[in-house]
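Undergrad: Starting from these lines, generate the structure:
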Amino acid sequence: MRGAPFAVAALICLFLAGPAAAQYDPLPAGMRADAPAGDASVTARPVLKVALLSYSPPWYDASFTDETIRFLAWKMPQYRFEVTWLEAENFNKTLAKGEADIVAAPTALLQLQTAGRYRDLVTLVSNDADTNNAHAAAVITKTGRTDITALKDLTDKRVASVTSELSPGILEVAQELVSRGINAETFYKRLIRVEPLRMRKVVEMVQKGEVDAGIVRACFLEDLTRAGSGDITAGLKVIEERTGDGLTCRHTTRTYPGWVLAVERRMNETAARDITAVLLTKPANAWGQYWSIVTDYGAVDALLKDLKLGPYKNLGEVSFTELTKKYWPLAVLILIALTGLLAHVIILEKLVRHRTRELENANAEQKRAEREAFETHEQLDALQRAGAVGQISSLVAHEIKQPLAGIQNLSRGVLRRLEDSDNPDEELCKAVDAIGAEAARAGEIIDRVRSYSKGKNERRNISVKSEILRITQRFCLSGKAAGVQILLGHLEDAAVYIDPIDFELIIVNLLTNASQAVQGEAKAKVEVSSTVTGGRIEVRIRDNGPGVDAETLTKLGRSVMASSKAGSLGMGLTLVHRLCENCVGQLSFTLNTPERGLTAHVLLPAAPACDTPQHKPDGVDP
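TA: Have a look, this model is predicted:
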């Protein structure tokens, strides 16, 4: 923002004034710079000049810095340390000339004044702040000032500050103003300048109402409390107070690395390494203060860049108009190139999408063709098996007819002999009679198989309910339902015009498949039910087995399919489909939801009640 760098530069030039430098030698007696000239142990040691920046008291970092220099003198007796505490103006002159070997100052001020002459070694850390978030500024006002809640409210107010202490304080607040679009010159035109090292006076002026607000360094209010002057901070608030950023002291601005100890770049690496090692091993004091390493200078760089100070001072602002006048030919070429590139990208994107769709369609078509070819192959295999079974069944039917006739004749003969005896065994007679009946039934099935090849059928009206009762009873007695509970659900009755043997084959095949599906279930059960709706009767055979996946469910609905059972010809469901279709019926399957299992649906047309006499199975009531 225009004006900000000029305001800060003016503050630096106008307000950096202070008392003369005071000499301080922290070394113990016998190791001081003013030792007798004849003491070779003193004069032979190289001298390291230390310049320390003075701050407004109470300032607890000062005692720790003094303690640090004494610690260095103790740990590094091969050097003589000459320490000087300097007020801001003299400190800046010392930095500019490079007269000090070691300096201690805030990070932002050090980078602003030294222009790369000094390199940081360590930074001061305490219980109040971490390594990268140790310095900030606090803007204070009285709690009752409801008209001052944000920095923007201070543009026309009187603000007091120790202007010689640029950081932490003035520089940090200036960055906050610039980031909010506020002109720094306008803000500081009412600045009340307080003499150096008198930051306590800023707090007193705010309390007395002599100024509207004051700028102090972060942790200054806490330092006052530690020094026993906490009453002076009562009734004050921090404007736009921040928390949770690594600095526990009350503050307004962003946080930055704090007080650093740096060495002149010409210092030899051995001395710099030794100093760093000693400082990093120095124990923390009672306030939790110790030296550590700064890992992030991004906040300081951003501050100098926003205020156009230090390395960013000569970066002038260039307007868009100036750039256009100077580089318009290049700008036109770039615009044309970008337009062409954009057009190329758009066209290429369309071509890629079009080609991708073609490839996807071709891939989908290929997969569909492969799937259809596979299904056709399966159907051809099933049809071939069906044809082979048909031929074999005709041959078997012809050949097995004679043995069955012999069984019938023999059973009748045995039954007649038993009946002619004086004391016939009724149970034995029933068994022999049942043998003859089963042989006769087998003969009927064989005749039915032979009639398939001749295209004949023996359809008649049957009672669906009666046939279901008879077939399920015979199925249970056959042993195929071992371990499976066969349940009869709601049975509605209707006449169906169908060959009774065909209907039995349909129901028996579906019961067999359902019983096999529930094998291994804890409570295996198969339920048979029927309903009549709109001139059609639906027979449902429901199991609680594991069910099937979507692909298998789709295959179950086909009239010709391959079997998934080892050693099976795959004719069961194919035959059921064929028998249902011969009666203008339909076979379908659905998964049970939310329960497990599968349900087979046999849908057959109900015959008119007056068409033909209804077939009634022997011994079963309709």
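Undergrad: Packing partners of the one helix or strand Phe374 maps to?
TA: Secondary structure from DSSP states H and E places Phe374 in helix 320-420. When contacts are defined as 3 or more CB pairs under 8 Å, 6 or more residues apart in numbering; DSSP states H and E, helix 320-420 sits against helix 426-454. For every residue, glycine as well, the C-beta is placed using N, CA and C.
Undergrad: Show the subsequent helix or strand relative to the helix it packs on.
TA: strand 460-463.
Undergrad: my read: Asp274 touches Pro77, true?
TA: No: the criterion here is CB atoms under 8 Å, and Asp274 misses it with Pro77 at 11.5 Å.
Undergrad: quick one: which of these two has more around it?
TA: Ranked by neighbour count (other CB atoms under 10 Å), Asp274 and Pro77 place Asp274 first, with 16 against 13.
Undergrad: measure the more buried one to Pro196 for me?
TA: Distance of Asp274 to Pro196, given as CB to CB, to the nearest Å: 34 Å.
Undergrad: just Ile148 next, same as before
TA: In terms of CB to CB, Ile148 sits 26 Å off from Pro196.
Undergrad: Ok, Lys305 next?
TA: 28 Å.
Undergrad: higher neighbour count, those two?
TA: Higher neighbour count among Lys305 and Pro196: Pro196, with 21 against 14, using other CB under 10 Å.
Undergrad: sec struct for that one, please.
TA: Three-state assignment for Pro196 (DSSP: H, G, I helix; E, B strand; the rest coil): coil.
Undergrad: what's the burial count for Leu556?
TA: 18.
Undergrad: looking at the protein, which residue ends up farthest from its center?
TA: Asp422 (91.6 Å; CA atoms, centre = their mean).
Undergrad: where in the stretch 401-550 of the chain is pLDDT low?
TA: 448-457 (pLDDT under 70).
Undergrad: wait, I meant the stretch 151-300 of the chain
TA: 189.
Undergrad: Which strand or helix spans Leu110?
TA: helix 107-114.
Undergrad: mean confidence score for that helix?
TA: The predicted model gives helix 107-114 an average pLDDT of 74.
Undergrad: Next up, phi/psi of Asp128, please.
TA: phi -80, psi -20 (degrees, to the nearest 10).
Undergrad: That one - how many residues pack around it?
TA: Each residue near Asp128 was counted by other CB under 10 Å, and the total is 20.
Undergrad: How about Ile445?
TA: When neighbours are counted by other CB under 10 Å, Ile445 comes out with 14.
Undergrad: Can you give me every residue that contacts it?
TA: Residues counted as contacts of Ile445 (CB atoms under 8 Å, 6 or more residues apart in numbering) are Ile501.
Undergrad: how does it look with 6 Å?
TA: For Ile445, no contacting residues are found, by CB atoms under 6 Å, 6 or more residues apart in numbering.
Undergrad: roughly how far apart are it and Arg70?
TA: According to CB to CB, Ile445 and Arg70 sit 115 Å apart.
Undergrad: try Ile462
TA: According to CB to CB, Ile462 and Arg70 sit 116 Å apart.
Undergrad: Neighbour count: the two, which is higher?
TA: Neighbour totals were compared for Ile462 and Arg70, and Ile462 leads with 24 against 14 (other CB under 10 Å).
Undergrad: beta partners for that one?
TA: Val496, His615 (DSSP bridges).
Undergrad: So it sits against Pro500, correct?
TA: Yes: judged on CB atoms under 6 Å, Ile462 makes contact with Pro500 at a distance of 5.4 Å.
Undergrad: Report how many residues lie close to Pro546.
TA: For Pro546, using other CB under 10 Å, the count is 12.
Undergrad: Could you check how many residues crowd around the nearest residue to it once chain neighbours are set aside?
TA: Leaving out its chain neighbours, the residue that sits closest to Pro546 by CB to CB, 6 or more residues apart in numbering is Arg596, at 6.4 Å. Neighbourhood size, Arg596 [other CB under 10 Å]: 14.
Undergrad: For Arg596, give its distance to Gly545.
TA: Distance from Arg596 to Gly545, by CB to CB: 7 Å.
Undergrad: Mind telling me what element Pro605 is part of?
TA: Assigned by DSSP H and E, Pro605 belongs to strand 598-605.
Undergrad: Likewise for Ala138?
TA: Judged by DSSP H and E, Ala138 forms part of strand 137-142.
Undergrad: Could you name the helices and strands sitting against the helix or strand just after that strand?
TA: Per DSSP H and E, strand 137-142 leads on to strand 159-161 as the next helix or strand towards the C-terminus. Judged by 3 or more CB pairs under 6 Å, 6 or more residues apart in numbering; DSSP states H and E, strand 159-161 is in contact with strand 213-217.
Undergrad: quick one: strands adjacent to the strand it packs on?
TA: If you go by DSSP bridges, strand 213-217 pairs up with strand 137-142 (antiparallel), strand 159-161 (parallel).
Undergrad: any chance of those in a markdown table, with mean neighbour count and distance to Asn363 too?
TA: Formatted as a markdown table, those follow (neighbours: other CB atoms under 10 Å; distance: least, CB to CB, whole Å):
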| stretch | mean neighbour count | distance to Asn363 |
| --- | --- | --- |
| strand 137-142 | 24 | 66 |
| strand 159-161 | 24 | 73 |
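Undergrad: Nearest to Ala299, out of the ones you listed?
TA: Comparing these against Ala299 with CB to CB, the closest turns out to be strand 137-142 (12.8 Å).
Undergrad: can you list contacts of that closest one?
TA: So strand 137-142 is in contact with 148, 168-169, 172-173, 206, 213-216, 218, 235-236, 238-239, 250-253, going by CB under 6 Å, 6+ apart.
Undergrad: Tyr497: neighbour count?
TA: Count around Tyr497 with other CB under 10 Å applied: 17.
Undergrad: Any figure for the gap between it and Asn509?
TA: When Tyr497 is compared with Asn509 (using CB to CB), they lie 20 Å apart.
Undergrad: Around the spatially closest residue to Thr255 that is not a sequence neighbour, how many other residues sit close by?
TA: Once flanking residues are discounted, Thr255 sits nearest to Asn133: 3.7 Å by CB to CB, 6+ apart. Applying the criterion other CB under 10 Å, we find 22 residues in the vicinity of Asn133.
Undergrad: can you tell me how far Asn133 sits from Ala105?
TA: Counting by CB to CB - Asn133 and Ala105 are separated by 18 Å.
Undergrad: and Tyr492, what is it in contact with?
TA: Heads up, residue 492 is Glu, not Tyr. With CB under 6 Å, 6+ apart, Glu492 has these contacts: Ser530, Thr531, Val532.
Undergrad: which stretches of the stretch 51-200 of the chain form strands?
TA: 80-86, 102-106, 118-125, 137-142, 159-161, 191-193 (DSSP state E, counting those that start in this stretch).
Undergrad: buried sites along the longest one?
TA: For strand 118-125, the buried set under the neighbour-count rule, 16 or more other CB atoms under 10 Å, comprises Tyr118, Asp120, Leu121, Val122, Thr123, Leu124, Val125.
Undergrad: possible to save those residues as TSV with pLDDT?
TA: Putting these into TSV (pLDDT from 0 to 100) gives the following:
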residue	pLDDT
Tyr118	86
Asp120	85
Leu121	88
Val122	90
Thr123	88
Leu124	85
Val125	86
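Undergrad: Redo the residues you listed as CSV? Include distance to His490.
TA: Below are the buried residues of strand 118-125 laid out as CSV (distance: CB to CB, whole Å):
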residue, distance to His490
Tyr118, 97
Asp120, 90
Leu121, 92
Val122, 89
Thr123, 86
Leu124, 88
Val125, 83
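Undergrad: So which of the residues you listed is the closest to Ala62?
TA: Each of the buried residues of strand 118-125 was checked against Ala62 using CB to CB; the closest is Leu124, at 10.8 Å.
Undergrad: my read: the closest one touches Trp259, true?
TA: Yes: using CB under 6 Å, Leu124 is in contact with Trp259, at 4.1 Å.
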